[in-house]
Structure formats: structure tokens, C-alpha cells
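Novice: what would the 3D arrangement of this be:
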Amino acid sequence: MMGRTGPFQWGDVVQLTGPKQRMHTIVLTEGKQFHTQHGALGHEAFVGLDDGSLVEVGEAPHLAIRPLLHDYVMSMPRGAAIIYPKDAAHIVGFADIHPDLTVVEAGVGSGALSLWLLRALHGTGRLVSFERREEFRDVAEANVTGFFGERPANWTTVLGDLVEELPQHVGAGEADRVLLDMLAPWECVDATAEALRPGGLVLCYVATVTQLSRTVEAIRADGRFTAPKSQETLVRGWHVEGLAVRPDHRMVAHTGFLMTARRVADGVDLPSFRRRAAKADFADADIEAWTPGALGDRPTSDKRARRAARDARRQAEAITGAGGQDADAPQVD
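Specialist: Reported below is the predicted structural model:
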């Protein structure tokens with residue numbers, strides 16, 4: 001189970017780093033063994049050890065440590081592409097996610113952003129996640145349950161289209177934040193504006209410049225939001241050994257654009273919207289030319305999504321079951 005501290009217990013997720021920095025993740029389960037080419041070690045050998053201990057597998061030392069949330073996110077089963085930790089941290093910070101908020105998320109994908117949001121809400125408020133594909137929702141639910149050891153009580157998942165389903169689950173003016181991770185967020189601007197309370201925030205995560213442009217212009221044209229702000233996050237690691245200090249040869253560059261805007265009170269006419277803006281005309285062909293499929297990205301097949309859902313459920317069952325709990329049992333801090 002994730003989130004515990006102190007010595008390892010049954011049901012804990014443990015990250016093992018061995019020779020050549022090879023990493024493995026296991027769930028401590030009675031009667032099971034951890035196997036590598038160096039040998040095998042029963043899971044009972046880990047129980048009672050302090051977090052961050054060394055264990056010998058054969059004659060090879062392995063560091064045993066509880067994975068952080070970003071470690072879990074990067075290794076969990078995926079149905080859809082995830083929002084990477086660098087963007088998730090940016091979203092939590094710039095969207096000011098904190099306890100007691102009502103947050104709307106669409107789509108849920110594999111549950112990566114849901115995990116960060118639920119961690120920030122800390123068991124309070126409400127997170128309502130919308131997803132069109134049942135397989136993706138199943139993957140997300142299993143991944144979230146696996147991380148927390150139970151399904152969070154403040155989390156609701158809705159299968160269906162945001163525009164159609166949002167009014168049924170979140171009343172007008174009840175949402176504090178609306179986070180849109182989808183192909184065409186401009187189609188949801190009106191529904192988002194209706195759901196947000198004055199002062200609330202909308203954040204859109206899009207992959208391409210044409211998606212960003214169309215989304216920004218839709219927000220501007222709506223008139224119920226402040227001027228949109230757009231940015232991306234680039235992360236570059238550094239190699240540091242003595243005086244040999246240089247940027248890493250590889251970096252995590254573009255993953256997506258983040259656009260934010262605040263909901264203003266009804267009837268407010270912001271001066272910034274009185275300027276004459278350049279007319280922005282978009283044809284379907286303009287957007288289609290820059291969709292992930294047109295750029296060569298293959299969509300997730302139903303078969304792959306179902307397999308990811310099975311893997312995520314097995315992982316969640318291993319975590320909850322090995323700890324002697326079922327999915328409805330109280331969370332252990």
C-alpha cells in the first residue's frame with residue numbers, strides 16, 4: 001500500500017534498484033519470492049526492514065525503498081497516454097488544487113492526473129472524473145485503488161461525454177476547477193463556464209499548437225473568462241560528477257501545452273475583450289492535420305486497453321489483498 005511510512009509491512013509496494021540501476025517493483029505478499037538472474041529472495045525478508053534498506057539477492061545488493069507517487073505513475077499499467085509528472089505538478093500548482101475544492105476532470109485516461117489531484121485534495125472536497133471509454137475508466141479506477149489501497153470516497157467516475165453528463169453530476173456554479181485533457185476542449189467551453197463558480201479556473205492540456213490556438217480563441221470568444229494564459233514545461237536534468245558538470249544529453253521536452261483562464265462573474269465585461277481581435281477561422285481540415293493520428297501516433301486499441309485494465313486490477317488486488325484488506329476497508333495511514 002502506498003503512503004505508509006516506517007518499516008515495510010505486508011501489502012507495501014517496494015521499489016528495488018539493483019546492479020546497473022535496474023529497477024523492479026513488487027508488492028510484498030506472503031508466500032511469494034522476488035527473482036532475478038542473481039537469485040531469489042522471499043518477500044518475508046523485506047517485512048520489518050526500514051525503508052531505504054539494502055538486501056542481498058544472491059550476492060547482488062539491491063536498494064529497497066517505497067516508490068514516490070511519480071515512480072508509481074511512470075510504472076503503472078496504462079490504457080491511454082498519461083499526463084507526465086512534470087505537467088501534473090505544474091497543474092496542481094498553477095490550478096491551485098487544495099483541500100475542500102470541487103474539481104472536474106475530463107478525460108481520466110489511465111488515472112495519472114487523478115492520483116495527483118486526489119493526493120492534493122487529501123480526502124476532502126470532491127473530484128469528478130469523466131471518461132468516454134469504459135476500458136480507460138477501468139484502468140484508472142484500478143490504478144487509483146492500487147495506490148491508495150482503497151477507492152477514495154471523494155472520487156466519482158462518470159462514463160460518458162462531459163458536455164452531456166456534467167450538468168447531471170455538478171450543478172451550475174458548483175465547480176472550483178475544471179481540467180480538460182481531451183482532443184477538442186473548445187467544444188466544452190460553454191459547459192465549463194456554466195459549471196464554474198465566479199473566480200473558478202479552467203485548465204486545458206493539449207498536445208499541438210493548432211489545438212492550443214483553437215482553444216484559446218474559444219475561451220476569448222465566450223466572454224466569461226479572463227484572458228487565457230498559455231505555457232509549456234520543459235525539464236532538463238544535469239550530469240554532476242565533481243567538476244564534470246553539464247546538461248544531460250537527453251531531456252524531457254514538449255509533452256503538452258497548458259492553458260488557464262479564470263471565470264468572471266456574470267455580467268462582467270472585461271476591458272481586455274473590447275479590443276478588436278484578429279478573426280480566427282478554423283476548418284476541420286486544419287485541426288485534423290495536427291491530430292495525434294495524423295502525426296503518426298497510433299491510438300490505443302481496445303485490446304491493449306483491456307489488457308492494461310486487467311494488469312491494473314491485478315496490481316490493485318495484490319496491494320489490497322496482500323495487506324489483509326479488501327477494497328472497501330479503511331485506509332491505513
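
Novice: for stretch 159-177, buried residues please.
Specialist: Across stretch 159-177, burial judged by 16 or more other C-beta atoms under 10 Å covers D161, L162, E165, L166, H169, V170, A175, D176, R177. C-beta: built from backbone N, CA, C; applies to glycine.

Novice: quick one: distance of it to the chain centre.
Specialist: Put simply, stretch 159-177 sits 20 Å off its chain's centre (C-alpha atoms, centre = their mean, to the nearest Å).

Novice: quick one: mean pLDDT for it?
Specialist: The average pLDDT for stretch 159-177 rounds to 97.

Novice: JSON lines for the buried residues of stretch 159-177, including secondary structure?
Specialist: Listed next are the buried residues of stretch 159-177 as JSON lines, based on DSSP: H, G, I helix; E, B strand; the rest coil:
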{"residue": "D161", "secondary structure": "coil"}
{"residue": "L162", "secondary structure": "helix"}
{"residue": "E165", "secondary structure": "helix"}
{"residue": "L166", "secondary structure": "helix"}
{"residue": "H169", "secondary structure": "helix"}
{"residue": "V170", "secondary structure": "coil"}
{"residue": "A175", "secondary structure": "strand"}
{"residue": "D176", "secondary structure": "strand"}
{"residue": "R177", "secondary structure": "strand"}
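
Novice: below-threshold pLDDT in the protein: ranges please.
Specialist: 1-3, 272-299, 322-333 (pLDDT under 70).

Novice: where do the helices sit along it?
Specialist: Residue ranges of the helices in the chain, as given by DSSP state H, are 69-75, 85-94, 112-121, 134-148, 162-169, 189-195, 209-222, 284-288, 302-322.

Novice: how about residues contacting the fifth one?
Specialist: Counting by C-beta atoms under 8 Å, 6 or more residues apart in numbering, helix 162-169 makes contact with 104, 106, 128, 130, 156, 158, 180, 182, 187-188, 190-191, 194-195, all of which sit outside it.

Novice: could you flag which of these are buried?
Specialist: By 16+ other C-beta under 10 Å, the contacts of helix 162-169 give V104, A106, V128, F130, V158, L180, M182, E187, C188, A191, E194, A195 as buried.

Novice: how many neighbouring residues does G39 have?
Specialist: Applying other C-beta atoms under 10 Å, we find 13 residues neighbouring G39.

Novice: gap between stretch 241-255 and the chain center?
Specialist: 25 Å.

Novice: then stretch 201-210?
Specialist: Centroid displacement of stretch 201-210 relative to its chain, using C-alpha atoms, centre = their mean, is 15 Å.

Novice: distance between the ends of it?
Specialist: 22 Å (C-alpha to C-alpha, to the nearest Å).

Novice: residues of that stretch that come out buried?
Specialist: Applying 16+ other C-beta under 10 Å to stretch 201-210 flags L201, V202, L203, C204, Y205, V206, A207, T208, T210 as buried.

Novice: just put the residues you listed in CSV and tack on distance to V245.
Specialist: Output for the buried residues of stretch 201-210, formatted as CSV (distance: C-beta to C-beta, whole Å):
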residue, distance to V245
L201, 39
V202, 41
L203, 35
C204, 37
Y205, 33
V206, 35
A207, 33
T208, 35
T210, 39
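
Novice: now, which of the buried residues of stretch 159-177 sits nearest P67?
Specialist: Nearest to P67 among the buried residues of stretch 159-177: R177, at 27.1 Å, using C-beta to C-beta.

Novice: for that closest one, give me its contacts.
Specialist: If you count contacts by C-beta under 8 Å, 6+ apart, then R177 has A95, D96, I97, L101, T102, V103, V104, G200, L201, V202, L203 around it.

Novice: just the ones of the residues you listed in strands?
Specialist: Members of the contacts of R177 lying in strands (criterion: DSSP state E): T102, V103, V104, G200, L201, V202, L203.

Novice: want to throw the residues you listed into CSV with distance to S53?
Specialist: Putting these into CSV (distance: C-beta to C-beta, whole Å) gives the following:
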residue, distance to S53
T102, 42
V103, 37
V104, 42
G200, 46
L201, 43
V202, 45
L203, 40
